[in-house]
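Trainee: From the sequence below, what's the structure:
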Amino acid sequence: MTGPGIGPTNALTIIAEAGDLRRFAHHCQFLKFCGMNLSTQPSGRFRGQSRLSKYGNARLRTVFWLAAQTAERMRENSLRRKFQDYIHRDPLDPDLRRKAYTAVAAKLARIVFGLIKNGLTIDHLSNTASRWMSPLGTGRWGVLRPRR
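Mentor: Next up is the predicted model:
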């Protein structure tokens, strides 16, 4: 629940659907389990477009999608900046917005995987002066430290 956009319901759903994330050796394996990896359907010399495979867990994909939408609405975090950078060409294009939400959801899945795999938590800093940059320079979300 320490990541942006992850509430108690989302956290429980991620743990229930994914199980122990330490069984995955790399974040790409977790993204493939979620169905958030890109796949291409080649035919001969024709390569085709890359799309989401959607062969993974649909509930996990939905949870990360909803968490990405929530995180994008929050103020000043790296997920919102990624979304804004993705849609800066045409903010009203619905296809571009969908792709941006997918990119943010994949980034959020990588963050959750890294936190659980390494046993880290994110400390939220309380005072407003230090919220913009922590002593270690990790940004608004605080200092990463080992879980006890």
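
Trainee: quick one: average confidence on stretch 29-37?
Mentor: Stretch 29-37 shows a mean pLDDT of 91.

Trainee: Please enumerate the strands of this protein.
Mentor: Per DSSP state E, the chain carries strands over the ranges 38-40, 50-52, 120-122, 144-146.

Trainee: Lowest average confidence across these, which one?
Mentor: strand 144-146 (a mean of 50).

Trainee: In contact with the residue most central in space within the chain, which residues?
Mentor: Centroid check for the chain by CA atoms, centre = their mean gives Leu108 as the closest residue, at 1.1 Å. Listed by CB atoms under 8 Å, 6 or more residues apart in numbering, the contact partners of Leu108 are Gly3, Pro4, Gly5, Ile6, Phe64, Ala67, Ala68, Ala71, Leu79. To be clear about C-beta, it is placed using only N, CA and C from the backbone, and glycine gets the same treatment.

Trainee: And the pLDDT for the nearest residue to the last one once chain neighbours are set aside?
Mentor: To tie it back to what came earlier, the one meant is Leu79. In space, Leu79 comes closest to Ala71 once its chain neighbours are excluded; the distance is 4.2 Å by CB to CB, 6 or more residues apart in numbering. Looking at Ala71, its pLDDT reads 89.

Trainee: any idea how far Ala71 lies from Val112?
Mentor: Applying CB to CB, to the nearest Å, the value for Ala71 to Val112 is 11 Å.

Trainee: buried ones in the longest helix seen in the chain?
Mentor: For the chain, the longest helix by residue count, based on DSSP state H, is helix 94-118. Neighbour counts over helix 94-118 (16 or more other CB atoms under 10 Å) mark 97, 100-113, 115-117 as buried.

Trainee: where do the helices sit along the chain?
Mentor: Along the chain, counting by DSSP H, helices occupy 8-18, 27-34, 58-73, 78-87, 94-118.

Trainee: List the buried residues in the third one.
Mentor: If you call a residue buried by 16+ other CB under 10 Å, then helix 58-73 has these buried ones: Leu60, Arg61, Val63, Phe64, Trp65, Leu66, Ala67, Ala68, Ala71, Glu72.

Trainee: contacts for it?
Mentor: For helix 58-73, contacts defined as CB under 8 Å, 6+ apart pick out 3-7, 10, 13-14, 17-18, 33-36, 54, 77, 79-80, 83, 101-102, 104-106, 108-109, 112.
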